[in-house]
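Trainee: quick one, what's the 3D model for this:
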Amino acid sequence: MKRSVNKRLAAIGLLMSGLCLVAWAMSMYWAALYAAGGVSVATSAGCIGVGWSTGLPTGLTLEDADPRQFTWFIRIADHQWIVVAYWIPLFVFTVLSFILWRAGRRPLPGHCPCGYNLTGNVSGRCPECGREVDYKDIPKQPPGPA
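Mentor: Residues are numbered from 1 along each chain as shown. I've put the predicted structure just below:
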């Protein structure tokens with residue numbers, strides 16, 4: 001059960017990474033602003049921002065972006081805007097997906113969960129990580145040629 005949850009979360013994280021990548025690429029060509037009820041979301045020049053301001057037109061506004069405004073850092077700009085570069089959520093989603101994907105993997109037959117090949121091991125412990133292993137899971141000889 002836990003493995004399937006990890007795989008689903010990893011897939012969602014990869015989907016979110018892909019969406020961040022597409023949104024970043026689109027923000028290099030178009031500036032988009034959506035405002036409703038005093039809250040605004042904008043994307044332009046590789047960043048996404050959330051703002052609390054009044055006087056903006058309600059609905060979606062699109063215009064050409066200025067790629068010279070591209071930024072690689074977090075900044076808090078005028079007019080109560082919080083702006084974050086797209087690479088930050090892209091990095092977070094990608095790393096979390098990788099961690100969840102790795103957590104759901106089973107070791108290969110005859111291997112310790114750390115990845116060490118235990119073929120021929122008689123001590124009952126993995127020499128790599130020190131974990132106790134069950135003898136029935138350890139093959140006596142390496143597989144020979146067919």
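Trainee: and the helices in this structure, which stretches?
Mentor: Using DSSP state H, the helices found in the chain span residues 2-27, 87-103.
Trainee: could I get those as CSV with mean neighbour count, distance to residue 123 and mean pLDDT?
Mentor: (C-beta placed from N, C-alpha, C; glycine too.) Output for the helices of the chain, formatted as CSV (neighbours: other C-beta atoms under 10 Å; distance: least, C-beta to C-beta, whole Å; pLDDT from 0 to 100):
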stretch, mean neighbour count, distance to residue 123, mean pLDDT
helix 2-27, 15, 29, 87
helix 87-103, 16, 27, 88
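Trainee: need phi/psi at residue 121.
Mentor: Phi and psi for residue 121, reported as degrees, to the nearest 10, are phi -70, psi 130.
Trainee: right, and it touches residue 133 too?
Mentor: Yes: using C-beta atoms under 8 Å, residue 121 makes contact with residue 133 at a distance of 7.0 Å.
Trainee: where in this protein is pLDDT low?
Mentor: Applying pLDDT under 70 to the chain flags residues 1-3, 53-54, 56, 65-80, 104, 135-146.
Trainee: so who does residue 33 touch?
Mentor: 40-42, 56, 60-61 (C-beta atoms under 8 Å, 6 or more residues apart in numbering).
Trainee: now residue 115
Mentor: Contact analysis of residue 115 by C-beta under 8 Å, 6+ apart lists 107, 128.
Trainee: again, but for residue 103
Mentor: The contact partners of residue 103, by C-beta under 8 Å, 6+ apart, come to residue 6.
Trainee: ok, it to residue 109 distance?
Mentor: 20 Å (C-beta to C-beta, to the nearest Å).
Trainee: one step back: in a markdown table, list the helices of the chain along with distance to residue 125.
Mentor: A markdown table is the format used below for these (distance: least, C-beta to C-beta, whole Å):
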| stretch | distance to residue 125 |
| --- | --- |
| helix 2-27 | 26 |
| helix 87-103 | 23 |
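Trainee: which of the contacts of residue 33 has the most neighbours?
Mentor: residue 40 (22 neighbours; other C-beta atoms under 10 Å).
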